[in-house]
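> Need a 3D model of the sequence below.
(chains A and B)
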Amino acid sequence: DSGVTQTPKHLITATGQRVTLRCSPRSGDLSVYWYQQSLDQGLQFLIQYYNGEERAKGNILERFSAQQFPDLHSELNLSSLELGDSALYFCASSVGPNAGELFFGEGSRLTVL
Amino acid sequence: AQKITQTQPGMFVQEKEAVTLDCTYDTSDQSYGLFWYKQPSSGEMIFLIYQGSYDEQNATEGRYSLNFQKARKSANLVISASQLGDSAMYFCAMREGPGYSSASKIIFGSGTRLSIRP
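Predicted structure coming up:
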C-alpha cells in the first residue's frame, strides 16, 4: 500500500460527459502528479501540483483541468469526454516539488463508451 | 526536450537468469534523476530504483541494479537471478532538473514487458 488513495477505481461513462477523479496523497506529501496511461502505453505526464499551486504541465488537453485543495487532495476533471480518453489515470505523490521517489495510487480506470 | 527511450517492447528470460532492460535518455540538463518502475498485471506502479546524475556509484536495491553510463546517456536496469514474480512491465523514467529547484516533470519511457519462463 503506497498510501496514495484514488477514487473511483473504475468508471464507465458516455461520450460528451464530464467526470472527476480524486486523489489523496500520502500523509506529509505536498506534491501531486497526474498521469494518463492508455492501453498498453507508457505513462503520459499531465500536470503537477505542489502545496496547492500548479508547478509543471505536460500534454494536458484543454478539456482536462485539475486542482489541489488546501487539504492537499487533488481532483482531475475530464470534460466533453471522447472515446480516446479511455485510460488508466494515475495519481502520484512525493514529499517535495521535485520527486525522488513517486508514490503511485492504484489508478482510476476510465472507460468512455 | 527530455526524452526516454526503451527499445525492447518485450523480453523472455529463463527463471534464475540475469536480465538487462535497456533505457537511454536525452536531456540538456546537467542535473537529473533516473528511475525504474515495475507495473505488474494488477496495474499498480512499484518504485524499484533511483539514480541521480551526480551519483558516482551505480544504484543497487536488492536484486536490482542500475547500470548508469552517463557519457552514453544510458540507465539500464539489471535484475539478477530473475523470478517468476518479476514478470511485469518495466518503465524507465527521468526527472529533469536539480532536486532543490522549482518543479520539474517526470517523464516515462514506453516500457518493456518482461516475461520470466519457468
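
> contacts and neighbour counts: CA atoms only from here.
Will do.

> Run a quick neighbour tally on residue 90.
Going with chain A. The tally of other residues near A:Phe90 (other CA atoms under 10 Å in any protein chain shown) stands at 25.

> The chain in question should be chain B.
Around B:Tyr90 there are 27 other residues, counting by other CA under 10 Å.

> What of the one 4 residues further on?
The number of residues packed near B:Met94 is 26, by other CA under 10 Å.

> One more: B:Lys70?
13.

> From chain A, how far out is the nearest residue in space to it that is not next to it in sequence?
Spatially, and ignoring its direct neighbours in sequence, B:Lys70 is nearest to B:Ser53 (7.6 Å; CA to CA, 6 or more residues apart in numbering or on different chains). Using CA to the nearest CA, to the nearest Å, B:Ser53 is found at 12 Å from chain A.

> Kindly state the pLDDT recorded for B:Ser53?
Reading off the confidence values, B:Ser53 has pLDDT 88.

> Near it, how many other residues are there?
Going by other CA under 10 Å, the residues that sit close to B:Ser53 add up to 18.

> residues in contact with it?
B:30-34, B:70 (CA atoms under 8 Å, 6 or more residues apart in numbering or on different chains).

> The residue nearest to B:Met45 when sequence neighbours are not counted: what's it in contact with?
Take B:Met45 and drop its neighbours on the chain: the residue closest to it by CA to CA, 6+ apart is B:Gln39, 4.8 Å away. Applying CA under 8 Å, 6+ apart, we find B:Gln39 in contact with B:45-46, B:88-91.

> Dig out what B:Gln39 forms beta bridges with.
Under DSSP bridges, the beta-bridge partners of B:Gln39 are B:Met89.

> tell me the helices in chain B, going along the chain?
With DSSP state H as the criterion, chain B has no helices.

> Now do the contacts for the residue of chain B found nearest chain A.
Chain B approaches chain A most closely through B:Ser110 (4.3 Å), counting by CA to the nearest CA. B:Ser110 sits next to A:41-43, B:5-6, B:9, B:91 when contact means CA under 8 Å, 6+ apart.

> Mind checking which of those residues are in strands?
A:43, B:5, B:91 (DSSP state E).

> Out of these, grab the one that's most surrounded.
When the ones in strands among the contacts of B:Ser110 are compared by neighbour count (other CA under 10 Å), B:Phe91 ends up highest, at 30 neighbours.

> returning to that earlier point: make TSV out of the contacts of B:Ser53 and add pLDDT.
Shown next, in TSV, are those (pLDDT from 0 to 100):
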residue	pLDDT
B:Gln30	84
B:Ser31	83
B:Tyr32	86
B:Gly33	89
B:Leu34	92
B:Lys70	94
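
> Okay, now the unreliable bits of chain A?
Along chain A, segments meeting pLDDT under 70 span A:97-100.

> Show the residue spans covered by the helices in it.
Going by DSSP H, chain A shows no helices.

> residue boundaries of the strands in chain A?
A:5-7, A:10-13, A:19-24, A:31-37, A:43-50, A:53-57, A:64-68, A:74-78, A:87-94, A:103-104, A:108-112.

> Centroid-nearest residue for chain A?
A:Trp34 (3.4 Å; CA atoms, centre = their mean).
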